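**Student:** Next comes the sequence, and after it the predicted model I'd like to discuss.
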Amino acid sequence: MSRTHDIVVIGGSAGGLEALRPLLARLPVGLPASILIVLHVGPVSYLPEILDRICPLPVVAARSGEMLQHGKVYIAIPGVHLLVHHNHLLLRRGPRENLSRPAIDPLFRSAAACCTTRVIGILLSGALSDGVAGLGTIKRCGGIALAQDPDDALVPAMPANARRAVDLDLVLPMAEMAEALAALVQRPAPPPVEVPMDIQLETAIAAQELADMKVDDILGKPSRFTCPECQGTLWEIRDGSMLRFRCHVGHAFNSEAVLAAYGEQIENTLTRLQRSHQERAALARRMAESERAEERHHLADELERRADGYDEDALLVQHLMRTGFVGPRDESRDDEPGDTRQDGEIGS
């Protein structure tokens, strides 16, 4: 067992790649630590190949079961969480967290549960708050918590939220992060600490080793809200100053992610509603054509009036999606200088 801070976990989202480049490029050869990285990625990722070109350390895609080696960088792959388990890598297709898989929190949490005081966590640029709870977990287990300076981040929300919610050890621009990290990994680590039960349970959920409603009751209390992913009950978890939620299946969210997911649900519902009204109008007009061909003009007129009403309903839904405003249609509102929302954006 190492007596230094030899496990470095890094998480980022939007703007994270731009932050990683100067950090990895400045790392010294032979760094006596293993580096594990989660960036929010799509279904295909070329991050290992991109970062390997600029980093003096070997950069590889994470493989489940591989033993951690010092002086090596491991990148999370799409579709699975990257976890640490007994000094080796573990890839699991566990429940999404904060609408992402891989997500930052499971990596940070598993590293803290496995390696406690040996861990250094770094949170980079990104939106919302993924990684903030995990960074707090690292601190609870005696590790070191760092964040990119929000003023240096392309998207400052994640490091700014970390600064508010976590007792950070350092907040640095990325130009200074590599030098600080190289010094920190050399420091002697304190003796291991006992891992709190809630951290052990949430780590086991991400590793697909645990899913039980009794576990949810240990972690928190049932709320009146439903999971945006599976529509099950969300358990409310009070994590320091943060409010988090987790469902029985294991989907996990911070409060900002729940709000974002509900907003997406509303937009999808309105889109389907608009399409349904448009289809009803088109069908009614097709029926009117058929009735008029049979000389049933009164019925054809009634169907065309219905079609006009359906078109008005579709326009009302479209207007709501564009402006977030329900009321009499007023075309002048669409061009008001103060309205900066884009088409399809739902107002608050």
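**Tutor:** Structure received. Residues are numbered from 1 along each chain as shown.
**Student:** And the helices in the stretch 151-300 of the chain?
**Tutor:** 157-165, 174-184, 197-206, 213-219, 255-293, 297-323 (DSSP state H, counting those that start in this stretch).
**Student:** and among those, the most buried is which?
**Tutor:** Ranked by mean neighbour count, the helices of the stretch 151-300 of the chain are led by helix 157-165 with a mean of 22 (mean count of other CB atoms under 10 Å). Using the backbone N, CA and C atoms, a C-beta is placed for each residue, glycine as well.
**Student:** Low-confidence stretches in this structure?
**Tutor:** 1-2, 210-217, 324-348 (pLDDT under 70).
**Student:** For the most centrally placed residue in the chain, give me its contacts.
**Tutor:** Centroid check for the chain by CA atoms, centre = their mean gives Asn98 as the closest residue, at 4.0 Å. By CB atoms under 8 Å, 6 or more residues apart in numbering, the contact list for Asn98 reads Ile104, Asp105, Leu128, Ser129, Asp130, Ala252, Phe253, Asn254, Ala257.
**Student:** let's see it at 10 Å
**Tutor:** 13, 40, 104-106, 128-133, 244, 251-254, 256-258, 260-261 (CB atoms under 10 Å, 6 or more residues apart in numbering).
**Student:** about what we covered before: distance to Arg3 added to the helices of the stretch 151-300 of the chain, as JSON lines?
**Tutor:** Converted to JSON lines, the helices of the stretch 151-300 of the chain look like this (distance: least, CB to CB, whole Å):
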{"stretch": "helix 157-165", "distance to Arg3": "27"}
{"stretch": "helix 174-184", "distance to Arg3": "14"}
{"stretch": "helix 197-206", "distance to Arg3": "22"}
{"stretch": "helix 213-219", "distance to Arg3": "32"}
{"stretch": "helix 255-293", "distance to Arg3": "37"}
{"stretch": "helix 297-323", "distance to Arg3": "58"}
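**Student:** Val60 is nearest to which of those helices?
**Tutor:** helix 174-184 (19.1 Å; CB to CB).
**Student:** Show residues contacting the closest one.
**Tutor:** 4-5, 8, 10, 18-28, 31-33, 35, 120, 122, 124-125, 144, 146-149, 152-153, 169-170, 172.
**Student:** Give me the buried subset of those residues.
**Tutor:** Buried by 16 or more other CB atoms under 10 Å: 4-5, 8, 10, 19-20, 22-24, 26-27, 31, 33, 35, 120, 122, 124-125, 144, 146-149, 152-153, 170, 172, out of the contacts of helix 174-184.
**Student:** which ones are touching Thr137?
**Tutor:** Contact analysis of Thr137 by CB under 10 Å, 6+ apart lists 105, 108-113, 119, 121, 143, 145, 166, 195-196, 198-199, 202-203, 239.
**Student:** So which of those belong to strands?
**Tutor:** Among the contacts of Thr137, DSSP state E puts Val119, Gly121, Ala145, Asp239 in strands.
**Student:** Just among those residues, which is most surrounded?
**Tutor:** Counting neighbours by other CB atoms under 10 Å, Gly121 leads the ones in strands among the contacts of Thr137 with 31 neighbours.
**Student:** I'd say that residue and Leu135 touch.
**Tutor:** Yes - if you go by CB atoms under 10 Å, Gly121 and Leu135 touch, sitting 5.0 Å apart.
**Student:** tell me, what's touching those two both at once?
**Tutor:** Common neighbours of Gly121 and Leu135 (criterion: CB under 10 Å, 6+ apart): 9, 11, 104, 108-109, 112, 143, 145-147, 162, 166, 168.
**Student:** can I get these in a markdown table with distance to Ala178?
**Tutor:** Below are these laid out as a markdown table (distance: CB to CB, whole Å):
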| residue | distance to Ala178 |
| --- | --- |
| Val9 | 16 |
| Gly11 | 17 |
| Ile104 | 20 |
| Phe108 | 20 |
| Arg109 | 25 |
| Ala112 | 23 |
| Gly143 | 19 |
| Ala145 | 17 |
| Leu146 | 11 |
| Ala147 | 15 |
| Ala162 | 19 |
| Val166 | 21 |
| Leu168 | 18 |
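**Student:** Can you tell me which of these is closest to Pro191?
**Tutor:** For these, the nearest to Pro191 is Gly143 (12.9 Å; CB to CB).
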